[in-house]
Every structure is written in C-alpha cells, then in structure tokens.
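In: I'd like to go over a predicted model; first the sequence, then the structure.
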Amino acid sequence: MSSRTLILAAAVLLPAFTAAAETTDLATLPSPENSITQGWAEARANRSVDGNPLRVGGKTYESGIGTHANAEWPIALGGEATALRGASGVDDEVGEKASVVFIIEGDGKVLWKSPVMKKGDAAQPFAVKLDGVKALRLVVNDGGDGSTEDHGDWLDLKLEHSGKALANYYKEITVETAALAWTFSASQGKLEQRRFGLKSDPDKTRAPGVYAYPDYIDRNADVALLEPTLDVLGADGLRNLALRYDSQEVTKEGGKTRTDIRLKDEVSGMRVVLHFLAHEKEDVIETWCTIVNGSKEAVTLLRFDSFAFSLGGKDLHLTTFRGGWGDEMNWSEAPVSTGLRRIGNQSFTHPTHGYSSSFVVSEGAAQEESGKVVAGSLAWSGNWHLDFQSEYKDAVRVSGGIHPFQPQHLAAGAELVTPRLILTVSGKGKGAASRNLHRWAKHSGMRQVEVTRPVILNSWDGAYFNFDEKRLLAMMDAAVKSGVEMFVLDDGWFGNGENARNSDTAGLGDWQVNREKLPHDIQWLAEQAHERGLKFGLWVEPEMVNPRSELFAKHPDWAVKLPGREQRLGRNQLPLDLSKPEVEEFAYKVVADILDRYPGIEYIKWDNNGHLQDAGSQGAKPAGQMNMTTEMTRAYYRILDRLVAKYPKIIFQDCASGGGRAEYGSLPRHAEFWASDNQNPLKRLQMHWGYSHFFPPMSWGAHIAESFDSGKFPMKFRIDVAMTARLGVELDPSHLKADQLEEMRAGIEVYKRLRPLLHAGEVFRGVSPYAADVCSSAVVAEDKARAVFFAFRTKDHGAAKEGRVKVPGLDAAKRYRVSEAHVGAVRHVQAGSFSGQELMEQGLPLSWSTGPESAVVEIMAE
Ligand code: DGJ
C-alpha cells in the first residue's frame, strides 16, 4: 500500500470517538480573513476565495472556508477537543493549473495529509482524533509547483470538543471616541491591531499579523523587523518574553471610557496592562501601560515603551519640531522614509529643547482644514523617545515612551507605570486635531483654566541679577501705569555673602533672601506690589544646586555624581539627586516654606536650568543607579502634586531654560509653561505656530521685551504677537519713554478686553509664518458669533501693499461686523460688514505700509 492510501485508510477507518459535549462548525468562527494567513486575497466563510459558492468535484457545499495556498490557520485548542471531521478539495472555480495539498497538524505533528489534489477531484474526507492536542494547524500548500490558481476549500469542518476549546479563539476590542476607532483582535493569545483611524475611513483596515505591543520574541510580526516595545533581560541573561492576551476590562466614567487589556507571559511571569482612556467628545485617547514583574527575580527593562500603533495611508508625512535654547519649536516636515526615524531627548531636565515630544503624521503634506491627520504628544518630563518605523504597504509604526538608553531595574513583584501618549485623529486637517487637543487640555492637561491669566511683568530680561528694592519698586510703578497685573521677581533674590546670587555662578540651593538686595525681605516686597494693585510672584529653581553654595558644602552627596569622575557643570550648576527621599523632601520644603513664610505670593515660576550629564546617585545600590533618572522625574511630579494640593490657589509656571519642559507631563501640574527665553517677535510667531498645534494659547507665556533684538520691532508688533498667547512683559518699564509706555498700556488694555475670548475660543491657524510674509490666525467663539483675527506682515519691504487675507473658522452663513481692535499709527482695516463666506473664501481686505506690521481685528456677528 502506498503511504497515501495508508493515511486515507487510517482516516476513514477511525473508530467513533469519545462523545464530545459540543460540536462547532469552524466556518461559523469569526473573522477568517484575520485568522488565516494566505498567499493571495482573503479567506472567506462559506464561499470560495473568489466569493462563489463552495464547489468541489462538481458538488456544492453550504459550509466551509475558501482559501488560497499557501494558507495557514492556527487554532489553539488547549487540549479541549476530541476530533475534527470534514473534507477538502480544489474549488471548481479555478483552471487546470491548480494543485493543492491539505495538511492537518496537531502540536507540530502531521495528523492527516491529502494527496496532491487537482481541479475536479472529489473532496477528500477526513476524521482526525485530537485528544490532548493544544495547537491545531490547518495548512493548504501549493503541492510543490507554485500557488497559481490554488484555491483550496476546507468543507463541513466539525470540531468536537468539551465546550471550552474555542473560548479564546477570536475577540475584537475597540477603543473608540466620536471619530476614532482603534480595534484590536485577541486571537488565541495574540493581541494584534486590526484598525486604527477614522471610523469614516474605508481604508482603515490593517493587515493581520501586526502585534499590538510587540515583545522581544514577537517583534518580527510578519511585516518587517520591528523594534520591540517591551524587551526584558531576565536574571538568566535571556530575553525570553512572549506576551499573550489574558483579559480585558472596560469602565465608564463621565464622558470617558477606560479600557485595560491584560497581557501575560506564562513562561517569564511578566505581565503588561495596556491602558486606554478615551475622551469621547474630544476625540482624544490617552494611552500608556503598566509593566509588572510577576517573576521571582529582578529583571532589567531594556526597552519599555508606553504604546505602539500602526498607521496606514498614502504618502504619509511626519511633522516634528526641533530646536534648542532660545530657538524652540522649529517646524520640520518630511515624507515618512523607509527604516527607522527616532526623535528624543537624553538631556533629562530639558525634554523638549532638542526635539518637542509632540508630532503630527498626515496623509500628504499636513493641511490646516482638510486631510487625515494623527497628532500625538508624549507626557513625560525626562528622557523620552518616539520611533517612526516604516512597515509594508504604506504604513508607519509609531511607538515610544521613556528613552531606553537608561535601562530600568524592576524588582520581583514591582511594577512600572509608563508615561502617557495623548493622541487624536482628524479627517479635517491638523487644525481640527489641535482643537481636539486644546479641548482635552482645558479639562485634563493644565491647571486653573477658569482663572484669568494675569498680565505679568517678569523681572528677568529687565533686571537680570542687577536689582535692589528701589529698582524693583520703580519697575512696579511703571508696570502699574502700563496695565500690568502681576509683578514676578525672577532669579537673583537669594543667597548671601560669598554665595550671594549675583550671577549664575553661586547661590542655588540657599533659599534665604539676599539681605543686601532685599533688606525688607520678600513679604514686604509682595505687600509693596499689593499696595500698587499688583499681584506678586516669585522664581525658584528647587531641583538644582551651585557648587558655590552652603547647601553643597553641607550636602555634597545630594548632587548627582559618577564615581571617579569630575562633576561636569551646566550653567555652573548640578542637578540635585531627587531619587534620594531626603533630597526630594528638601526640594518640596524649599517651596512650601517660601509659600508659608511669604503669604503674599500668588505665583511661582518653577525653573530648571541644568542638564543632567553624568547620572550617578552617590551611595546608591545598582538598582537605584539604574532607575535614578526616572525616579528624579517622578520625584519632580510628586513634589508638584503635593504643592498644588496644599496651595491650590497658587499659579505655577513650568519653565526649563525657556521651553525645555513644554509637554503634558509637566503642564497638568502647572497653569502654563514658559515657551522660550527668546521674545523676538518673528521667532515667536513661528514658535507660537508650532506650540498651537498641541497646546492652547492660554497655556504659554509670551512677553513684550527688548532682548533678542526684540527692541528693533515696533512696540505694537511685539504686543500683538504676545496677544496670540498669554501676554506679559519682560523688560524694565521704568526705562521706557512716556510714549512707549503709553503705547504698551493701550495695547495691554486691548488684550485685556479680548482676553476672555482669546483664551476661551477655538484656534484656527491661517497662513503659516514659514510660508509667506503675511501670516494669520483666528480665535473664534464656539458659537462663531465672535472672533479675533490676527495678521502679521513679517518683512519690511519698504513699500505699501494691499491684499486680502482669508479669515478661517467663521460661519459662512453669518454676517459679520469687522473692526480693527488695536489701532496703531497706521490703520490696516476699514470697519465694515462682510458675509462669513466672503471673509473665509476671499478674505478681509488689509492695507499695509512697510512692515513689519500687525493687525488685530475684532469680528462680531451682526
Ligand atoms: C531661565 C528662564 O528661562 C529665564 O526666564 C530666567 O528665569 C532664567 N532662567 C533665570 O535664571
């Protein structure tokens, strides 16, 4: 007898099996297209691969699965099945070239194999015993001659089992908001992403095989060599991790839905919970994960990303924002290239100076009000990375979290909660994506949204370290005349004797008032401000120390240091090692004591001006050394969380050498961030353009100044640029000439009148400051009854010019009354009445003299 007849005989002669509790027709299982991988097209239930009724050897079958070689269908049975019966054959829809072999495998062994089957052959029946089989695999191969026309059908597949065999066969989990659907399948342990994108988008389906959270073993994912999102080095030196779906939980809270998907690895004991917090109305999802070491020994996390998702689309573009001190948030857009693109930060304390941790991926070049866009922002104030990896078929895999260059120690039983990614999608351009993020930020991403942001005079650029009480009072007097509402005393008010803070070389850490400069102390100064009708704020930098300080002399081991190495300074200072509980407590007490001692303070500017270059925690054990930087970031959060809980009315500003911490890890603990030390209005227009993609304009400070060549620009231009964010002043107003002070006052008065709308309204960006020499934006009330429109002519062409500039975001059907709100020497806009449609499509007529100039226009529905 040939081996072929033997196998067939064995199949046909099989005795009746043990009685099964349940019989399932496998054609009724969900989603064959996602469960079966095959060489061409998609597997179908009860149809051939071409979509015809199943027909083999001239006979039609009601039930079965139409596939195409080479196909593979894994089914986990968990030892709960007893038999599989059915038949197989080549579908009659194909030509003569078809030749197919059907194989049934159990736990890697061939249980049944058909002969090479051709078109017209009668279906081959089988009845295969499965007792104890855990992994069943149904294979359709090409018979060794290539897969042309190899349409192979599985027919009448009946699985006999205990009732539990298919419990984990296939489940879909969808995390969704009004417009976004992010769907996963949990199929026999594998958690894969099925779809990510707009619900309305027909191309949203992703191919099977894309792991939702690729671990070290599954990083290959059948599509490309992807970086793992979790890579764990065990105590045995192995990276032995394969996460499998365990369970999920969905809870609702107001307009938010939280989905937790639990993964586990039976072999290593590691567990991961993927978290998704969906904000339905805002179309925003916060996503992060908890990594639990469920093994008996400590492990090292080599890579421990917060999230991963795959985005499909044609001609995908990636927009990132790079920069440095005084040069934050420079726009940079390029098509997504093949391979891996990584942006990130390793400076620890200035996470967003080199690169912003916010990004946009768009189909084609990103447009303001059209096109598909995904925008994200990583909420972490330490080292971070974001990876953009090309996948096959026009897709990009986005993943990221804490930067893996500093691996983490995770003790047995311990867990690590990763930072969150704030994510949104839009089918109407990046403008809508920004507005989604702004809406989210106003309830979850920043503090004190309901508090009117005061117009601040910050002393830094006006006085630097060179002040005494007399000078500060003169600044206050002039500030009051210009309509300023709060005086903030910046750096230089503390340290005594040889450690007096008269430059950045000494004093940090010695938080006692400098008795020479301020003999009456801070509370007196606050009262002086109050007497003038000003609020009062103070600058602190509690995370740092100058080696020239009493603090350093007393606690040299509180500063970071690598053993045997010189301590390299940045701006003459060192980071305090907040991974030590006593140092964390010290930094907390610095600010708490100041606020208790000086109850006149209403605002704290929290600064951080040094990079962490040499991460070493003096005296710490290896585990503490490895986790030092993340622990320092968490300590920074804990300190602020305690402070804002104890002093809920104090406004905190997040500053790190300008815009070094412009991200949603810090911002929820503050009311605003300091966007940059550079107040040059041209530079600021570009920065504001960038920031506005992710942050509402009320969340960052922009000051009228003279530094960075700002003084060369007309006062009105500087004021109008500052109005597009939270306006303040950063110069010594007592040095201004009377007409300049008056000009500033008039501008601030306009700002104050428009402020409620500017901070509550929705932002519509118009023309980019990178694109043309007249750039524009509008802030529009939600009901579209009012708007403020900004237009800036950025270059001095030495010639007058007229032209229309489109006003975005209005209601085309409304009629609007238009008037210039902030009038300077030249009138740019003639008051008049326009239809919304005309303003939006043809634009508002503007006349310019020579530039640089600005127009602030009020638009009211009639
Ligand atoms: C950096 C900040 O960005 C400035 O505004 C100022 O506060 C200085 N630090 C003070 O040292």
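Out: Looks like it came in fine.

In: From here on, just use CA atoms for contacts and neighbour counts.
Out: Will do.

In: Against residue 811, how distant is the residue in the stretch 351-500 of the chain that the ligand sits nearest to?
Out: At 4.8 Å from the ligand, residue 491 is the closest residue in the stretch 351-500 of the chain, using CA to the nearest ligand atom. Distance, residue 491 to residue 811, by CA to CA, to the nearest Å: 47 Å.

In: where exactly do the helices run in the stretch 701-850 of the chain?
Out: In order along the chain, the stretch 701-850 of the chain carries the following helices (DSSP state H, counting those that start in this stretch): 715-723, 738-760, 836-841.

In: can you give me the helices in this structure?
Out: Defined through DSSP state H, the helices belonging to the chain, from first to last, are 3-13, 32-35, 429-440, 460-463, 469-481, 521-531, 550-554, 581-597, 622-646, 681-691, 715-723, 738-760, 836-841.

In: tell me the mean pLDDT over the longest one?
Out: Which is helix 622-646. Per-residue confidence for helix 622-646 averages out to 97 on the pLDDT scale.

In: What separation is there between the closest residue to the ligand within the stretch 1-150 of the chain and residue 195?
Out: Here the stretch 1-150 of the chain gets closest to the ligand at one residue, residue 34, 52.5 Å apart by CA to the nearest ligand atom. Applying CA to CA, the value for residue 34 to residue 195 is 11 Å.

In: Residue 458 contacts residue 484, correct?
Out: No - because the distance of 10.1 Å does not satisfy CA atoms under 8 Å, residue 458 is recorded as not touching residue 484.

In: Which neighbours do these two have in common?
Out: Common neighbours of residue 458 and residue 484, using CA atoms under 8 Å, 6 or more residues apart in numbering, are 728, 729.

In: related to what we said a few turns ago, could you export the helices of the stretch 701-850 of the chain as CSV, including mean pLDDT?
Out: As requested, the helices of the stretch 701-850 of the chain are exported to CSV (pLDDT from 0 to 100):
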stretch, mean pLDDT
helix 715-723, 98
helix 738-760, 98
helix 836-841, 98
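
In: Close to the ligand: what parts of the stretch 451-600 of the chain are there?
Out: Taking CA under 6 Å from any ligand atom as the contact definition, the stretch 451-600 of the chain meets the ligand at 460, 490, 491.

In: Generate a PyMOL selection restricted to the buried entries among these.
Out: Restricted to the buried members of those, where burial is judged by 16 or more other CA atoms under 10 Å, the PyMOL selection command reads as follows:
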select buried, resi 460+490+491
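
In: of the residues of the stretch 451-600 of the chain next to the ligand, closest to residue 280?
Out: Among those, residue 490 lies closest to residue 280 (CA to CA), at 41.1 Å.

In: what sits against the nearest residue in space to the closest one that is not next to it in sequence?
Out: Using CA to CA, 6 or more residues apart in numbering and skipping residues adjacent in sequence, the residue nearest residue 490 is residue 539, 4.6 Å away. If you count contacts by CA under 8 Å, 6+ apart, residue 539 has them with 488, 489, 490, 491, 604, 605, 606, 607.

In: ok, the last one touching residue 660?
Out: No - with contact defined as CA under 8 Å, residue 607 does not reach residue 660; the gap is 9.6 Å.

In: Which one's more surrounded, these two?
Out: Here residue 607 and residue 660 are compared on neighbour count by other CA atoms under 10 Å; more neighbours surround residue 660, at 32 against 23.
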